[in-house]
Every structure is written in C-alpha cells, then in structure tokens.
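Asks: Got a predicted structure plus its sequence, pasted below:
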Amino acid sequence: MIRKLSILCLSILFCGSMAWAADSAGNRKDQMVRLGIKTGIHPFYFVTAPFVLEFPGEDWTFGLVYGSGDFTTTQTSTTYTGASSSSVTVTETWEFKTSEITGRYYIGNSFNIPFGVAMYNIHLDDWKYTDGTTWDLDYKITQLNLGIGNEWTYDWGGYLGIDWFQAGSKLSDKVSVKQTSGSVSSTSQTSAEKESTDISAFAGVLIFTFGFGF
C-alpha cells in the first residue's frame, strides 16, 4: 500500500513539472543512465511495479525491467446438507514476475514507439483440485511488446513516460504442473499443460514509467 501511494505522489509531482521538459531530446542526450519504476493498467506492471534500468539517448533508449509481487484472491464456497449449510473460504496467493528487454525510438522531442521482449511468469503453490489432489502451478509466457507513448525528460534529471497503449504478440508459453499430494493420472497432467494455448498475450494502457537520470 505504501509503495502504491508513493508511486501516485511521484506521478503527480512529475506531471506538474512539464515546463522543465521543454528540451526532452537534449536532456536525454546528456544522461548516461537512469533508474525508474513502471506501473499502470497492465496485469504485470500493476502487481509487480518493476524497477527499470535504462541507457537513454537522443533518438534511442534501451533498458532492462525486472520486478515481482503477489496477488491474493479469496473464494468462498457453500455446501448444503439438508437444512444446514457450511462455508469454506480459500485464499490463494499468486506470485507474478516481470522481466523485459526494452527499447524506445523517439519521433520528435517526446513522442516515441516503445518496444521489447517480455518474459512473464505466474506461480501458485498448493493449488487444490476438486478430487483432493494439490499442485504447484507455473505459467511462463514470452511475448513481443509494441506501443505508442510520450516521454518527458526534465532539466533537473527526472523523467516521466506514458505509454498510451501497449499491445503484445505471444512468441511462446508453457504451463508446468507439479503434483504435491494425492494421486492423479498422467492424462490429467498433460491436459493441464496444454491449457496455455488459450491464453492471449498481455496488453495494457496508461503505463507510467518515471525516475531519475544521471
């Protein structure tokens, strides 16, 4: 919660200082490296709020993105026996990881085309199936990202990027399942591993990246 509030406060600070970013291209050119944080309306950026390491330039910027975080879900099921009922609440904590190799090509002072290769991972321990068996679930996807955005680099060293839209194209993915209790046929495991073909590449809008350059 504190991390998300800090991100919100810093976003307001950066948005209120656009006047200092009149020469974003020149300011980028004067920097050697910059550090930042990424968040936005995107499943992985929202959960992991990954850190960003970039090497900026006047026309091109390249960087690395990495972060991890947990997403907790709670489900309540009710069973009835005659006139009585009982409820069971199950809480699951999914671990998200974000790894990216990114680039930006600038068209003008701030408008740019962000692109990159992303490796996203979702992991869940001890997922309980209806037959009583439990599994460790692991989903990995590699995809190409492409979007459009603006990025302002300020005279005092800070920068703010807003990717208005980011689309993805899936290169590969895989579901891995590991049984931790109970007994189940190998056919069930094979079926679970094939479910990944139904998952599309991840996309997002209003993705914010901000930090400081040196």
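Replies: Looks like it arrived, so ask away.
Asks: Tell me how far the most centrally placed residue in the chain lies from residue 99.
Replies: For the chain, residue 44 is the residue whose C-alpha lies nearest the centre (CA atoms, centre = their mean; 2.1 Å). Counting by CB to CB, to the nearest Å, the separation of residue 44 from residue 99 is 10 Å. Just so you know, the C-beta spots here come from the backbone N, C-alpha and C atoms, and that holds for glycine as well.
Asks: any residues in contact with both of the two?
Replies: By CB atoms under 8 Å, 6 or more residues apart in numbering, residue 44 and residue 99 have these common neighbours: 118, 120.
Asks: wait, doesn't residue 115 sit right on residue 149?
Replies: No. Counting by CB atoms under 8 Å, residue 149 is not a contact partner of residue 115; they are 10.7 Å apart.
Asks: shared neighbours, those two?
Replies: Counting by CB under 8 Å, 6+ apart, the common neighbours of residue 115 and residue 149 are residue 104.
Asks: Pick out whichever of the two has more residues nearby.
Replies: In this comparison of residue 115 against residue 149, neighbours counted by other CB atoms under 10 Å, the higher total goes to residue 149 at 20 against 15.
Asks: With residue 64 as the reference, measure out to that one.
Replies: According to CB to CB, residue 149 stands 18 Å off from residue 64.
Asks: what number of residues lie near residue 139?
Replies: Residues near residue 139, counting by other CB under 10 Å, number 18.
Asks: correct me, but it touches residue 121?
Replies: Yes. Counting by CB under 8 Å, residue 139 does reach residue 121; the two are 7.0 Å apart.
Asks: count of neighbours near the residue lying closest to the residue nearest to the centre of the chain once chain neighbours are set aside?
Replies: Leaving out its chain neighbours, the residue that sits closest to residue 44 by CB to CB, 6 or more residues apart in numbering is residue 98, at 4.6 Å. By the criterion of other CB under 10 Å, residue 98 has 24 neighbours.
Asks: Before I go, just wanted to say thanks for your time.
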